[in-house]
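Colleague: Quick one: sequence and predicted model below, then my questions.
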Amino acid sequence: MTHHNHCADCAFFEDHAANAQAVVNDAGLCRFNPPVTQPSADAKGFWPVVGANDWCGHFANQAAE
């Protein structure tokens, strides 16, 4: 089985508990890319919600900050 570095260990992961809008267990925000804009000009953008055990190719160790 392949070991992956998970989102919760990534420098770009922000725990959802820090987000005042919503708290989702075992989830956070991926801050690697800029937020995606909404259809209307007055709406705010949003960051992708990821699970703490998710992973991708953009992992950066938190210690590397």
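Modeller: Yep, it's here. From a predicted model like this one, the values you see are computed outputs, not experimental measurements. Numbers count the residues shown, from 1 in each chain.
Colleague: who's in contact with His4?
Modeller: Trp55, Phe59 (C-beta atoms under 8 Å, 6 or more residues apart in numbering). No exception for glycine: its C-beta is placed from N, CA and C like everyone else's.
Colleague: tell me which element it falls in.
Modeller: Of the helices and strands defined by DSSP states H and E, none includes His4.
Colleague: Need the pLDDT of it.
Modeller: Per-residue pLDDT puts His4 at 70.
Colleague: how much space between it and Phe59?
Modeller: 8 Å (C-beta to C-beta, to the nearest Å).
Colleague: Next, find the distance separating the residue nearest in space to the middle of the chain from Ala41.
Modeller: Among the residues of the chain, the one closest to the centroid is Cys30, at 1.8 Å (C-alpha atoms, centre = their mean). Between Cys30 and Ala41 the computed distance is 24 Å (C-beta to C-beta).
Colleague: what's the answer for Asn61, then?
Modeller: 38 Å.
Colleague: who's more crowded, these two?
Modeller: Asn61 (10 against 6; other C-beta atoms under 10 Å).
Colleague: Would you list the phi and psi of the more buried one?
Modeller: Asn61 has phi and psi values of phi -60, psi 140 when expressed as degrees, to the nearest 10.
Colleague: So for stretch 27-44, what gets flagged as buried?
Modeller: By 16 or more other C-beta atoms under 10 Å, the buried positions in stretch 27-44 come out as Ala27, Gly28, Leu29, Cys30, Phe32.
Colleague: What is the nearest of those residues to Ala8?
Modeller: Using C-beta to C-beta, Gly28 comes nearest to Ala8 of these, at 7.0 Å.
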